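*Asks:* Fold the following for me, if possible:
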Amino acid sequence: MGKETNETKKCSNVAIAFTLFLSIFLFGAVLGLILFLTDGGGTSTSNTPEKPIATFQSQGICEEGKWGSNCTVCSPCGLHGACNGSGTTSGTGTCLCGIGYASTDCSSCATGYWGATCTKCGACSGHGSCDGSGTSSGTGACVCAATETTSFDGTNCEKCAPGFFGNDCTKCEVSCGIHGKCSDGIAGDGTCGCDLGWKGDTCAACDINVAWTGTTGNDCFLSPGLTPGEGGIIVLGTFKKCNDHGTLTLATGVCTCKSGWSGVGCSVAMCASSDEYGALCESCSCNGNGICDGAGTKTGTGQCRCNVNYRGATCTACRRGFTGSNCNTACPTNNGLVCSGSGECNDNGKMVSNPQSGDCICDQGYSGDKCETGSGVVDCVTDTSTNEICNDHGTCETNTCKCAAGYDIDTKCGSLLSGWAKIGGVVAECPGSAATPCNNKGACSSTTGECSCNDEYTGTTCSECAYGYWRAADGTTCTICPATTVINGITKVCTNNHGTCGSDGKCTCLSGWKGENCDSCALGFWGASCWSCPRSKNTADACSGHGSCDGSGTIGGTGACTCLNANYIGSACGTCKAGHYGGNCVACLKDMNGDICSGRGSCDGDGTIHGDGTCRCLAGSTGALCELCLNNHYGSSCVKCPGMMSDGSACNGHGTCNGKYLSEGACIANGAL
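*Replies:* As a prediction, the model looks like this:
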């Protein structure tokens, strides 16, 4: 019993000692803390006692990171903000965010800023919103305003989407069919701009001011006279039927020109007289025996195209081998030679009214109507009755005549040598010299000294090419122009004057014609009059470059366009069918249900040969196919979530919207479970 009492006492003493030790330790610790807080304990590295909180407050400042009268600890503001009142006894303690940042801790982008670095959005011309505005995501691109009735486009929403017009980019309501296009764009007025040859509010009628309808009255072909402007561009409004200088027969497409105009399309201005030519209507000088180039028109060179058997620069001479007042008296020939080669045709190549014109003047010793008989003389005596020697035009030396200049020894000086003429009793060389009389391109009259040129040549010395001929590379030979014909005595080159014969002997074809001989229509033209193939507004390409024109490049065909594929439509293949766009009429983008742009946008260029097929989404929608809703939009129509604020936040800023595609768009209050 005693033993148990001693053990009990020992344990009790140990407990008392431990309790006392713990009490002393805790008291010392509390006292040390009080001394430290009141600067009563510890030391400072600066040897300057720290001021108590009351001292900071009395000086109107707090430590950095604290604010207000109680020096409350600031809320965290991250890397993009600062505490309002930090280091002072004033302020609000809220975060002051840097430019572009927002939210209570400056961790989000402000409205009008986007992306990881909160980049400033563009203005979008006041017609769109910035993708990602107020978030740390997005692209910063302008999402242009678009509804069923208005739609803007462009990188800065500065223009209208295709099919919308005016400053408000209002939707084109009129259907322009397959022969026109709505006048869209900021400068457009919403009316139909029709293709060439079409008119009306919906471009459904043939415009007989510029086109003809054919025998059935159901077709529509462009009138002759189509003349593309600079660069081949046809400017609508400047093209008139028959160039506005004639009457168009609607059934045949033939122009009947007004006085003062001519040509297939009445495009050639005429002079007052048919015997005038050129821009100044100068008088022709073909003496009624031919037609000058450009006769009666304000074109041409005035060069004479002589009638049959007439020759000369002014058609005042006869063709070699003919004479008479009308150049219709043929010189006698034998074995293909004029006057058998033993005489000279009187007035050969000369237009005179002499009764003896065309008679053969035989060389001495020859006789007959064609000088076909005789053998000449064998000695110097030429007239035995008078003992005349050498026809009195030379001397006799050893029974051989020595003739005066210009006379032929073979005729005992009785006739002139080729290249010489006796004019008024004086013997002289022919034009071009005696060695090359008439440049060897014609015959020289021994009585007048004038040249009667071969068909190819003209001029006083036969040194010029006649109309319908061109000078070859050797510089002297004149060669007939391509496709030259003589119709009713009138020379025409390059197939009925469908072109002009150049100095190189090649035809330069008139507009609408082609070929070496200008005997067919150029590409883009067809038929007997080379009418223009159908063309869209403001394009020089036949069938708009998207089809083939029947008869193009020939003088046959119908002029109808066959489009490259079924996606092109219109008489000029000038547009795409609905649901297709661009120069190749590519199909617009569709979702899995077959809806273009998911039914919540429009395809750029839809139904035209323009655009890039990009989906232009309606308000609230986004995505390549407009298949997504923008932030805080929901449902199949991507409507705004409830409580949408001007900064793009929903639920009046006090909650989040669970809205997304096909959801109900309800608000969940902040803090709700």
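*Asks:* Outline the domain layout of this protein.
*Replies:* Residue ranges for the domains of the chain, per automatic domain parsing: 311-464, 632-673.
*Asks:* and those domains as TSV, adding distance to residue 576, mean neighbour count and mean pLDDT?
*Replies:* Any C-beta I mention is one placed from the backbone N, CA and C, and that applies to glycine too. Output for the domains of the chain, formatted as TSV (distance: least, Cβ to Cβ, whole Å; neighbours: other Cβ atoms under 10 Å; pLDDT from 0 to 100):
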stretch	distance to residue 576	mean neighbour count	mean pLDDT
domain 311-464	58	19	84
domain 632-673	28	15	75
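*Asks:* Tell me which of those domains lies nearest to residue 137.
*Replies:* Closest to residue 137 of the domains of the chain, according to Cβ to Cβ: domain 632-673, at 12.6 Å.
*Asks:* What's the mean pLDDT across stretch 129-147?
*Replies:* Mean per-residue pLDDT for stretch 129-147: 83.
*Asks:* Between the two ends of that stretch, how far is it?
*Replies:* Using Cα to Cα, to the nearest Å, the end-to-end distance of stretch 129-147 comes to 14 Å.
*Asks:* Stretch 624-636 too?
*Replies:* The straight-line separation of the ends of stretch 624-636 (Cα to Cα) is 16 Å.
*Asks:* Quick one: distance of that stretch to the chain centre.
*Replies:* Centroid separation for stretch 624-636 versus its chain: 41 Å, with Cα atoms, centre = their mean, to the nearest Å.
*Asks:* Need the pLDDT of residue 125.
*Replies:* Each residue has a pLDDT score; the one for residue 125 is 88.
*Asks:* Show me the helices in this structure, by range?
*Replies:* Read by DSSP state H, the chain holds these helices, from start to end of the chain: 2-37, 53-58, 494-497.
*Asks:* wait, what's in contact with residue 175?
*Replies:* Residue 175 makes contacts with residue 202, as judged by Cβ atoms under 8 Å, 6 or more residues apart in numbering.
*Asks:* who are the neighbours in contact with residue 78?
*Replies:* Residue 78 is in contact with 95, 105, 106, 107, counting by Cβ under 8 Å, 6+ apart.
*Asks:* Look up the closest residue to residue 199, ignoring the ones flanking it.
*Replies:* In space, not counting the residues next to it along the chain, residue 199 is nearest to residue 207; the distance is 3.8 Å by Cβ to Cβ, 6 or more residues apart in numbering.
*Asks:* Make sure residue 580 is actually in contact with residue 587.
*Replies:* Yes - between residue 580 and residue 587 there is a contact under Cβ atoms under 8 Å: 5.6 Å.
*Asks:* the more surrounded of those two?
*Replies:* In this comparison of residue 580 against residue 587, neighbours counted by other Cβ atoms under 10 Å, the higher total goes to residue 580 at 25 against 14.
*Asks:* so what's that one up against?
*Replies:* Under the criterion of Cβ under 8 Å, 6+ apart, the neighbours of residue 580 are 567, 586, 587, 588, 606, 607.
*Asks:* can you redo those as a markdown table with distance to residue 266 and pLDDT?
*Replies:* As requested, those are exported to a markdown table (distance: Cβ to Cβ, whole Å; pLDDT from 0 to 100):
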| residue | distance to residue 266 | pLDDT |
| --- | --- | --- |
| 567 | 38 | 93 |
| 586 | 43 | 93 |
| 587 | 45 | 95 |
| 588 | 45 | 95 |
| 606 | 41 | 87 |
| 607 | 37 | 84 |
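*Asks:* Show the buried residues in these.
*Replies:* 567, 586, 588, 606, 607 (16 or more other Cβ atoms under 10 Å).
*Asks:* In strands only, show me those residues.
*Replies:* Applying DSSP state E to those, the entries found in strands are residue 586.
*Asks:* Common neighbours of residue 580 and residue 587, please.
*Replies:* residue 567.
*Asks:* Quick check, pLDDT for the nearest residue to residue 263 once chain neighbours are set aside.
*Replies:* In space, not counting the residues next to it along the chain, residue 263 is nearest to residue 257; the distance is 7.2 Å by Cβ to Cβ, 6+ apart. The score at residue 257 is 88. That number is its pLDDT.
*Asks:* now residue 53
*Replies:* We have a pLDDT of 51 for residue 53.
*Asks:* if I look at the residue nearest to residue 263, how far off is residue 174?
*Replies:* From residue 257 over to residue 174 the distance is 37 Å, taken as Cβ to Cβ, to the nearest Å.
*Asks:* Could you check which of the two is surrounded by more residues?
*Replies:* Neighbours per residue, other Cβ under 10 Å: of residue 257 and residue 174, the larger number sits with residue 257, 20 against 14.
*Asks:* Pretty sure the more buried one sits against residue 245.
*Replies:* Yes - with contact defined as Cβ under 8 Å, residue 257 and residue 245 form a contacting pair (5.9 Å).
*Asks:* hang on, isn't residue 367 packed against residue 343?
*Replies:* No - look at residue 367 against residue 343 with Cβ under 8 Å: they stay out of range, at 9.1 Å.
*Asks:* Correct me if wrong: residue 153 contacts residue 144.
*Replies:* Yes - Residue 153 is within contact range of residue 144, at 5.7 Å (criterion: Cβ under 8 Å).
*Asks:* which neighbours do these two share?
*Replies:* Taking Cβ under 8 Å, 6+ apart as the contact criterion, the residues that touch both residue 153 and residue 144 are 161, 616.
*Asks:* list the contacts for residue 584?
*Replies:* Remark: with contacts taken as Cβ under 8 Å, 6+ apart, residue 584 is in contact with nothing.
*Asks:* what do you get for the one 10 residues further on?
*Replies:* Neighbouring residues of residue 594 by Cβ under 8 Å, 6+ apart: there are none.
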